[in-house]
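Chemist: Got a predicted structure here, sequence first:
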Amino acid sequence: MAEVRPARALTPRERAVLQVLVGASALAEAARCQVDHAMVDGECIERCGTVELAVVATKCPTLRMTDGLVADGEAPLDNDHRQAVLLFAQSGLIRHVETYRTDGKRPSGLPEAAQLTVLKTPTE
């Protein structure tokens, strides 16, 4: 991971993927607020799609689930493989987006949000 200074705004694709991941649950108001206020302060050097997020704690309520997996989804690559996207929290704030491919190859970024199937949603 490379530090991003100053922190940058989410790209349209990053924002769309996060909105899909947290938007599927009626209980996700705090997570949606955090996505709206998230900035990227670290990212994969190889542009693989994995990013570290910064959210100002006073802007949004914290998640009831303080640490761990908040939401995840996957997008098809071909008949046998998928690209997974996982959203993690730390201290009640969304903090890390990780992505990987089930075929072992390095992702070339996040999948299109429209291709994501959400597997786990926020339960605040």
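Modeler: Cool, got the structure. Please read these numbers as outputs of a predicted model, since none were measured by experiment.

Chemist: which regions of the protein lie under the pLDDT threshold?
Modeler: Confidence mapping of the chain against pLDDT under 70 gives the ranges 24-27, 123-124.

Chemist: Show me what Pro76 bridges to in the sheet.
Modeler: Arg82 (DSSP bridges).

Chemist: please renumber so the chain begins at 24
Modeler: With the count now opening at 24, the last piece we talked about shows up as Pro99.

Chemist: Could I get the full set of strands for this structure?
Modeler: For the chain, the strands defined by DSSP state E cover 25-32, 62-66, 74-77, 91-99, 105-113, 116-124, 140-143.

Chemist: Buried residues, the fourth one. List them.
Modeler: Buried residues in strand 91-99, counting neighbours by 16 or more other Cβ atoms under 10 Å, are found at 93-98. Using the backbone N, CA and C atoms, a C-beta is placed for each residue, glycine as well.

Chemist: any residues touching that strand, and which ones?
Modeler: The set of residues external to strand 91-99 that reach it, using Cβ atoms under 8 Å, 6 or more residues apart in numbering, is 43-45, 47-48, 54, 86, 105-112, 117, 134-135, 138-145.

Chemist: Tell me, how many residues neighbour Glu66?
Modeler: Glu66: 19 surrounding residues under other Cβ atoms under 10 Å.

Chemist: quick one: it and Ala25 touch, right?
Modeler: Yes - counting by Cβ atoms under 8 Å, Glu66 does reach Ala25; the two are 6.1 Å apart.

Chemist: by how many degrees do the longest helix seen in the chain and strand 116-124 diverge?
Modeler: Secondary structure of the chain read by DSSP state H shows that its longest helix is helix 35-46. Here helix 35-46 runs at an angle of 110 degrees relative to strand 116-124 (axes from the mean of the first three to the mean of the last three Cα atoms, to 10 degrees).

Chemist: I'd like the distance from helix 35-46 to the chain centre, please.
Modeler: When distances are taken as Cα atoms, centre = their mean, to the nearest Å, helix 35-46 is centred 7 Å away from the chain's centroid.
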